[in-house]
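Enquirer: what's the 3D shape of this:
(4 chains)
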Protein chains: 4
Amino acid sequence: MKRIGILTSGGDAPGMNAAVRAVARKALSSKLEVCGINYGYKGLVEGNIFEIKEKEVSDLIQLGGTTLYTARYPEFAEKEYQLKGIEQLKKHGIDALVTIGGDGSYHGAVRLTEQGYNAIGLPGTIDNDIPFTDRTIGFDTAIQTSVEEIDKVRDTAKSHGRIFVVEVMGRNSGEIALRTAIASGSQAVIIPEKPFDVDEIAGIVKDARRRGHEHQIIITAEGAIHAQDLTDQLANRGIDNIRGVALGHVVRGGAPTASDRVLASRMGSYAVDLLLDGQGGQAVGIEKGVITHHSMLDLFDSKAKTDLSMYDLANTLSY
Amino acid sequence: MKRIGILTSGGDAPGMNAAVRAVARKALSSKLEVCGINYGYKGLVEGNIFEIKEKEVSDLIQLGGTTLYTARYPEFAEKEYQLKGIEQLKKHGIDALVTIGGDGSYHGAVRLTEQGYNAIGLPGTIDNDIPFTDRTIGFDTAIQTSVEEIDKVRDTAKSHGRIFVVEVMGRNSGEIALRTAIASGSQAVIIPEKPFDVDEIAGIVKDARRRGHEHQIIITAEGAIHAQDLTDQLANRGIDNIRGVALGHVVRGGAPTASDRVLASRMGSYAVDLLLDGQGGQAVGIEKGVITHHSMLDLFDSKAKTDLSMYDLANTLSY
Amino acid sequence: MKRIGILTSGGDAPGMNAAVRAVARKALSSKLEVCGINYGYKGLVEGNIFEIKEKEVSDLIQLGGTTLYTARYPEFAEKEYQLKGIEQLKKHGIDALVTIGGDGSYHGAVRLTEQGYNAIGLPGTIDNDIPFTDRTIGFDTAIQTSVEEIDKVRDTAKSHGRIFVVEVMGRNSGEIALRTAIASGSQAVIIPEKPFDVDEIAGIVKDARRRGHEHQIIITAEGAIHAQDLTDQLANRGIDNIRGVALGHVVRGGAPTASDRVLASRMGSYAVDLLLDGQGGQAVGIEKGVITHHSMLDLFDSKAKTDLSMYDLANTLSY
Amino acid sequence: MKRIGILTSGGDAPGMNAAVRAVARKALSSKLEVCGINYGYKGLVEGNIFEIKEKEVSDLIQLGGTTLYTARYPEFAEKEYQLKGIEQLKKHGIDALVTIGGDGSYHGAVRLTEQGYNAIGLPGTIDNDIPFTDRTIGFDTAIQTSVEEIDKVRDTAKSHGRIFVVEVMGRNSGEIALRTAIASGSQAVIIPEKPFDVDEIAGIVKDARRRGHEHQIIITAEGAIHAQDLTDQLANRGIDNIRGVALGHVVRGGAPTASDRVLASRMGSYAVDLLLDGQGGQAVGIEKGVITHHSMLDLFDSKAKTDLSMYDLANTLSY
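Expert: As a prediction, this is how the structure comes out:
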């Protein structure tokens, strides 16, 4: 192995740049050459590839988004496009790859590995919906940003004695919602992993108001119910002075937290170690504080687990 | 004059607490007693009033929202409720008042002044839509928060080569939108004060993409057109990879900027000077850097001006 | 057990309020009464104690510092003062205690437990220097704040092609320094746990400059060498355009990160579970992602471990 | 005039990049060519010059520091170096210049103008110490950052009932200190423009503590007395639980505030207008909200005024 490529794929996540830097620096310090591939698998197929020198990943670690750009590219599921990608790898002398993205990006990585180009995947997504890892790169930042936003919403809630229903991201996962609910002291939290009953929530809200909690924050995951819909349904049940707010794309961006930067750095360095060890088709994770890896094939057969102890804790503390 | 009251009214704005503190501290240092009135004119009518001691406004200057709470209370337009309010002023020995809020709050202040209770108004609203003042308390913070949000959105925009249409607050005013557009380097800005043509905007966007501006930010004021509507209309004109985001209530809250704290402090101190001078029915403003006051009656006959030179500047720099 | 007390002790740490809230809410939901004790053991001895109702811990979770105040109080090592403290516990009908602070606060907790008042300790300190826990409450925030500060320093460093030596907190521990170094992309990091050689560091810095790294960040832990001293020594070795900056008390304060809020919430809830289970003299920790507890006596015989794999990683990535 | 150059000089200030962008965009939209000159006058002399295309100032407005780099270069006071600079202007076909920096940078601009190369100066410095302008680019950000830092220090101050003496930047000016003092609710402020008496300050502090202000913030400008020195002198006068903190280079960096970005944008655009109008040797300012210009020669004969009404206000509100 003489030269490796790096690409980012899927939705952008804070910490992707920190991961790119870590992969590049670790590889360079191991006397490998490094190439950046712009726009994920799309860029791979189109040959949007350039060499990365040591200096070029300086002052990158703190940037949100991905300076390698990213794209969704379902075409890469087809053999024809995979072969075009491999053509480009040959042309640029790239022997192996690190991909950073959601589990969608792992499918391409498996195909390349099967064709003799070892590929290692790092979990780069804010949603924390990838099996075999307790955290994904970007997850901590997305929670942190959501909580900072809600701290601001709380000022208005308190000033007006108002209830705010706040919708957070997470696609089909309630992971962001659960941590955000605990960290923002919410009165209730709704996630796709748990059935919910609007009457019951209305009861909780009314009871809390009776006990003096004039203003309240309710968190809902986008995968469960939209903020405005829940707001309307609660208003229909006689709850007044209530508003819905959806935290949109603002929580995807921004400088990664220190914690995400450290995680990305550890994972990026580890990915190069795996490649140096001749491995491919492996997904990197962090489990109980330790960086680990699992076969992507095993990962495809698994489902990310939501930590439901957080659900109980959120409800206990909202007392 | 022995004792003054303070209330906040209308939508909350960052810097209201800094204004309350300034009024209280200045009054106390002038050997006046000070009362806080909770929930604006509603609290006045209901007698939700308490004495404020010097220590109780410590560590207040940095808080968003209003610790005196606020409420909309159209009932106070009626004589009957005004008299109830005056009853409470008598009962609590309050001789004069400072109100902090939008121009709606000034109407109550005029009525009280007519009844012999001098009232001075401070412009507390994020919208900067009050005549005879270049800036309102909360305006700078709302712009700052909007711009910080857009800095985050830009990370995603850039990573994906995507266009974001971002809607900012401001009710019927384009003031927040204009500064936000300049400060976030937007490609185009739409405000209620200027007619706009979606075809023209589509042309600007397409032309910029041709010149290499793959990702772009377009700012729209909520009083002009909603982000999602404009996004749909632009998409219908063949612009792809475009999304709408509405910055909601997050931009109302949060710690006031240093600049808003200084403004609120200057205005609060000045309001007490006016009361000490025996004046009432006056609205405080800042004009060309100097703290001023005007009769509220004159203000009702005027209209806040939008600085349209900012519109031209935004367009020039988006080149 | 009918009524429990809560106190914070030692240096303040972000997340202490979140822990107080969690203890109070969990206890109240378990039908216990709750008392706050101001100014730590000092307040205990002086009877500075008040009942906490459910509403009184609302809107607390996001605040830095500790609203229960804190104090260093070496007197509590003496029997005489412990007995005075117990007198107060009796007087206020308090059966058990949760203390939040550094390991200093655990000694008092052990004494009270021995006297029949079960006390549980939570690790509240930014320094992460407590055995049997992977993280202390406040540690994540202190790193985050340090890294945000360094992101700003980097702007000046880059603009001037300058080297900054940045000193971070941590007393005798290099834990904050190590994470900060990785997350800020530093060129070198100096910690008390590792011997260092100024000539060697000078060599690293000069070599990096030769490779084009005109501006650089070097992190030093306050327990190793002060920023200014190291700066002077490097300047004496012919390195020009170099400055020292000590990040002082700014990194102790500020709103806790979401991660610290969640940790504090989990630990606070767990502490009440231990008390309900009749336990005392136990220190709560988090190990491999799981909340745990250990006898404080065992803890006194142990030493917190610094994760030196972080040291190697920082050096690898600075390549 | 066909082609203009831009350089930044002196200490870096947030908003310099926004100014560079504005100059470049305005010039390009006026069909001028634009060159960036790296490292200020040093880069001019050394020919460190490159053409700036429209796209290259995208996503620049939010960055702290200066991407054109900066340097102090006293050599440019000498004729010999000025002639070398002019040689480079000729070589690169540059007809006129915009310089962004402190008043030091204006001397070079005057010399170039005398030689037939019109140069316009923008006030880029955090210190607000330039005549004929109410604000300099970077001033608002430096205050904002200082105040955010002190908000954090306050958490610790309050938790421990402690007094913090906080030193802010500003070289020989008290401008940053005054706004920071008002916006952070300080008990006292010390600036170089006003004589101060430590005994008197000790009296203020003690009196405030007697009135219940256990924790306090005192602001000192670096040009007046260092935080640690004042702390020691107050401690010697019997004030306990007091600490000094110097806010160092962290307040120079960071993303510019929206307000500084708007100011820089307005000034940058205006500078190009002046050049198009055939003017040189002019310093741009903002006075009473209006962008203005004055001859640099007049400016050299003047002194920046400190707004001492802020001093009185700070003291009144600290009551």
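
Enquirer: can you count the residues close to A:Val251?
Expert: 28 (other C-beta atoms under 10 Å in any protein chain shown). Bear in mind the C-beta positions are built from the backbone N, C-alpha and C, glycine included.

Enquirer: can you give me how far stretch A:304-319 is from the chain middle?
Expert: 20 Å (C-alpha atoms, centre = their mean, to the nearest Å).

Enquirer: likewise for stretch A:88-106?
Expert: In terms of C-alpha atoms, centre = their mean, the centre of stretch A:88-106 is found 19 Å from the chain centre.

Enquirer: ok, now stretch A:278-289?
Expert: Mean-position distance between stretch A:278-289 and its chain equals 16 Å (C-alpha atoms, centre = their mean).

Enquirer: who's in contact with that stretch?
Expert: With contact meaning C-beta atoms under 8 Å, 6 or more residues apart in numbering or on different chains, stretch A:278-289 is reached by A:96, A:103, A:106, A:109-110, A:112-114, A:117-123, A:130, A:132-135, A:263, A:266-267, A:270-271, A:274, A:291-297, A:299, C:134, C:288-290.

Enquirer: got it, and stretch A:216-223?
Expert: A:150, A:153-154, A:157, A:163-174, A:176-177, A:180-181, A:184-192, A:201, A:205, A:208-209, A:226-227, A:230, A:246.

Enquirer: what subset of the contacts of stretch A:278-289 is buried?
Expert: Those of these that meet the buried threshold are A:96, A:103, A:106, A:109-110, A:112-113, A:117-123, A:130, A:132-135, A:263, A:266-267, A:270-271, A:274, A:291, A:293-296, A:299, C:134, by 16 or more other C-beta atoms under 10 Å in any protein chain shown.

Enquirer: any figure for the gap between the residue of the stretch 151-300 of chain A found nearest chain D and D:Ala255?
Expert: The minimum distance from the stretch 151-300 of chain A to chain D, using C-beta to the nearest C-beta, falls at A:Ala255 (9.7 Å). Counting by C-beta to C-beta, to the nearest Å, the gap from A:Ala255 to D:Ala255 is 10 Å.

Enquirer: the helix or strand that contains A:Pro123 near chain C anywhere?
Expert: In this assignment (DSSP states H and E), A:Pro123 forms part of strand A:118-123. No. If you take C-beta under 8 Å from any C-beta of the partner chain as the test, strand A:118-123 misses chain C, and the best it gets is 14.8 Å.

Enquirer: whatever helix or strand comes next after that strand - contacts with which helices or strands?
Expert: Later in the chain than strand A:118-123, the nearest helix or strand by DSSP H and E is helix A:139-160. Contacts defined by 3 or more C-beta pairs under 8 Å, 6 or more residues apart in numbering or on different chains; DSSP states H and E place helix A:139-160 against strand A:163-168, helix A:175-183, strand A:216-221, helix A:258-276, helix C:258-276.

Enquirer: those into JSON lines, with extra columns for mean pLDDT and distance to C:Phe76?
Expert: As requested, these are exported to JSON lines (pLDDT from 0 to 100; distance: least, C-beta to C-beta, whole Å):
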{"stretch": "strand A:163-168", "mean pLDDT": "98", "distance to C:Phe76": "43"}
{"stretch": "helix A:175-183", "mean pLDDT": "98", "distance to C:Phe76": "33"}
{"stretch": "strand A:216-221", "mean pLDDT": "98", "distance to C:Phe76": "39"}
{"stretch": "helix A:258-276", "mean pLDDT": "98", "distance to C:Phe76": "35"}
{"stretch": "helix C:258-276", "mean pLDDT": "98", "distance to C:Phe76": "20"}
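
Enquirer: list the contacts of A:Arg21.
Expert: Per C-beta under 8 Å, 6+ apart, neighbours of A:Arg21: A:57, A:60-61, A:265, A:268, C:185, C:317.

Enquirer: from D:Glu33, how far out is it?
Expert: Relative to D:Glu33, A:Arg21 is positioned 35 Å away (C-beta to C-beta).

Enquirer: try A:Thr220
Expert: On the measure of C-beta to C-beta, A:Thr220 and D:Glu33 end up 54 Å apart.

Enquirer: neighbour-wise, which of those two wins?
Expert: Using other C-beta under 10 Å, the more surrounded residue of A:Thr220 and D:Glu33 is A:Thr220, with 29 against 18.

Enquirer: now do the phi/psi pair for the nearest residue to that one once chain neighbours are set aside.
Expert: Closest residue to A:Thr220 apart from its sequence neighbours, by C-beta to C-beta, 6 or more residues apart in numbering or on different chains: A:Ile190 at 4.4 Å. A:Ile190 adopts backbone torsions of phi -120, psi 130, taken as degrees, to the nearest 10.

Enquirer: check contacts around the closest residue to A:Glu75 other than its chain neighbours.
Expert: Excluding the flanking residues, the one nearest A:Glu75 by C-beta to C-beta, 6+ apart is A:Tyr81, at 4.7 Å. Residues counted as contacts of A:Tyr81 (C-beta under 8 Å, 6+ apart) are A:41, A:45, A:73, A:75.

Enquirer: what's the spacing between A:Asp301 and D:Ala77?
Expert: According to C-beta to C-beta, A:Asp301 and D:Ala77 sit 73 Å apart.

Enquirer: what residues does the stretch 101-250 of chain A have near chain B?
Expert: Residues of the stretch 101-250 of chain A lying close to chain B by C-beta under 8 Å from any C-beta are A:145, A:149, A:151-156, A:158-161, A:164, A:243, A:245-250.

Enquirer: 10 Å instead?
Expert: Within reach of chain B by C-beta under 10 Å from any C-beta of the partner chain, the stretch 101-250 of chain A has these residues: A:145, A:148-162, A:164, A:166, A:214-215, A:227, A:241, A:243-250.

Enquirer: separation between A:Asp307 and A:Leu122?
Expert: Distance from A:Asp307 to A:Leu122, by C-beta to C-beta: 21 Å.

Enquirer: now do A:Thr231
Expert: Separation of A:Thr231 from A:Leu122 (C-beta to C-beta) stands at 38 Å.

Enquirer: also A:Thr257?
Expert: A:Thr257 is 17 Å from A:Leu122, where distance means C-beta to C-beta.

Enquirer: verify the stated contact: A:Tyr69 with A:Leu7.
Expert: Yes. Checked against C-beta atoms under 10 Å, the pair A:Tyr69 and A:Leu7 is within contact range at 9.2 Å.

Enquirer: do you know the pLDDT at the residue sitting furthest away from the middle of chain A?
Expert: Most distant from the centre of chain A: A:Arg210, at 38.4 Å, with distances by C-alpha atoms, centre = their mean. Note on A:Arg210: pLDDT of 96.

Enquirer: tell me where the stretch 1-150 of chain A has helices.
Expert: A:16-29, A:40-46, A:79-91, A:104-114, A:139-160 (DSSP state H, counting those that start in this stretch).

Enquirer: which residues touch the closest residue to A:Lys158 other than its chain neighbours?
Expert: Using C-beta to C-beta, 6+ apart and skipping residues adjacent in sequence, the residue nearest A:Lys158 is A:His215, 4.9 Å away. Residues near A:His215 by C-beta atoms under 10 Å, 6 or more residues apart in numbering or on different chains: A:153-164, A:187, A:208-209, A:241, B:65, B:69, C:58-59.

Enquirer: now do the domain split for chain A, please.
Expert: Residue ranges of the domains in chain A are recorded as A:3-138+A:256-300, A:140-253, according to automatic domain parsing.

Enquirer: distance to B:Asp312 added to those domains, as CSV?
Expert: What follows is the domains of chain A, written out as CSV (distance: least, C-beta to C-beta, whole Å):
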stretch, distance to B:Asp312
domain A:3-138+A:256-300, 31
domain A:140-253, 28
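
Enquirer: before we move on, back to that, please pick the buried ones from the residues of the stretch 101-250 of chain A next to chain B.
Expert: Using 16+ other C-beta under 10 Å, the buried ones in those are A:145, A:148-162, A:164, A:166, A:214-215, A:227, A:243-250.

Enquirer: what parts of the stretch 201-319 of chain A come near chain C?
Expert: Checking the stretch 201-319 of chain A against chain C by C-beta under 10 Å from any C-beta, the hits are A:208, A:211-216, A:255-266, A:268-270, A:272, A:286-291, A:307, A:309-310, A:312-319.
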